[in-house]
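**Q** my questions concern the predicted model and sequence given below.
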Amino acid sequence: MKTKLGMVMAVCIALSQGICAQHATKVVAHRGYWKCEGSAENSLASLQKAYEAGCWGSELDIWLTADGQLVVNHDAHTLDGLEIEKSDFARLTQSKLKNGETLPSLDAYLEAGKKLSPMILVLELKTQSTSERNDELARKVVAMVKAKAMEDQVEYIAFSNRVGTELIRLVPDAKVAYLNGDKSPAELKKLGYTGLDYASGVLKKNSQWIDEAHRLGLTVNVWTVNKPRDLQYFIDHKADFITTNEPVSLLDLLKK
Ligand code: MG
């Protein structure tokens, strides 16, 4: 009898932990964790600091250079004014970031990230100037991830539906979320996305989309949420992931 009760209790605990785990919001550092000493957006330091802070994932932005290489940067231009799509890799990777690092190649970024497993790398593919370049970007990023055997350590996000659907076509098993905020969960499901990753304002205006997405088996990520009150709103509304410039504040809130 005692053993039976013990087993029932063990099952109950396991179930409740399972339920908790399902609803626990995960922390994604937006462009790495850069609001700290020695860091900068999309730098290798920001990746390391996201890991040290205990983030579940770290987001980064990827561009295709004029000579068909992959680099990590948010803006279309470097700090010293080079347009990434019109500049060559060798020159771009001499450009400095705000913390003095040189602009990282995707290759270097993935190599660094691989050592920080199990932290997930959330790869944003920036929208390029032509459809051909969008397809080339998707193809080359997927190939590099595969060459490094990092398929289980990455997720993909994109504003461009063309890039998103190309990623889905190239890697049907990958996690791909759409950023642009103009499609309902049902539309995304139909297109083959595994999640939505929408601006906080979009998700506040369409708060039913969170439940709708979950009913369809889609994940919900929200960006870029920084104020404690907004972070708490999306924890309470059961976002699966929150992308934030304040990962340490979010991690503190989640401990409460
Ligand atoms: Mg981004």
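**A** Ah, there it is. All figures in this text were calculated on a predicted structure; none of them were measured in a lab.

**Q** now do the helices in the stretch 101-250 of the chain.
**A** For the stretch 101-250 of the chain, helices defined by DSSP state H, counting those that start in this stretch occupy the ranges 106-114, 131-147, 161-170, 185-191, 200-205, 208-215, 228-236, 247-255.

**Q** show me what the second one is packed up against.
**A** Just to be clear, that refers to helix 131-147. With contacts defined as 3 or more CB pairs under 8 Å, 6 or more residues apart in numbering; DSSP states H and E, helix 131-147 has these neighbours: strand 57-64, strand 70-72, helix 106-114, strand 120-125, helix 161-170. Where C-beta positions appear, they are placed from N, C-alpha and C, glycine not excepted.

**Q** what comes up buried for that helix?
**A** 133-138, 140-142, 144-145 (16 or more other CB atoms under 10 Å).

**Q** now the residue nearest to Leu106 when sequence neighbours are not counted: how far from Thr194?
**A** In this structure, Leu106 finds its nearest non-sequential neighbour in Leu70, 3.7 Å apart by CB to CB, 6 or more residues apart in numbering. Distance, Leu70 to Thr194, using CB to CB, to the nearest Å: 23 Å.

**Q** per-residue confidence averaged over stretch 212-229?
**A** For stretch 212-229, mean pLDDT is 98.

**Q** is it anywhere near the ion?
**A** No: Stretch 212-229 does not reach the ion (CB under 5 Å from the ion); its nearest approach is 7.7 Å.

**Q** tell me what Gly195 is bridged to.
**A** Beta-bridge partners of Gly195, counted by DSSP bridges, are Ala177, Thr219.

**Q** next: Glu83.
**A** Glu83 has these beta-bridge partners by DSSP bridges: His77.

**Q** burial count for it?
**A** If you count neighbours by other CB atoms under 10 Å, Glu83 ends up with 14.

**Q** mind checking pLDDT for it?
**A** pLDDT, Glu83: 98.

**Q** 67 is where my numbering starts, stick with that
**A** Happy to do that; since the first residue is 67 now, the last one works out to Glu149.

**Q** next one: it from Asp263, what distance?
**A** Relative to Asp263, Glu149 is positioned 26 Å away (CB to CB).

**Q** low-confidence stretches in the stretch 67-216 of the chain?
**A** The stretch 67-216 of the chain contains residues with pLDDT under 70 at 67-89.

**Q** identify the residue of the stretch 217-322 of the chain closest to the ion, quick one.
**A** Ile223 (7.2 Å; CB to the ion).

**Q** same question, the stretch 67-216 of the chain
**A** Closest point on the stretch 67-216 of the chain to the ion, by CB to the ion, is Glu190, at 3.9 Å.

**Q** so who does that residue touch?
**A** By CB atoms under 8 Å, 6 or more residues apart in numbering, Glu190 lies in contact with 125-128, 222-224, 245.
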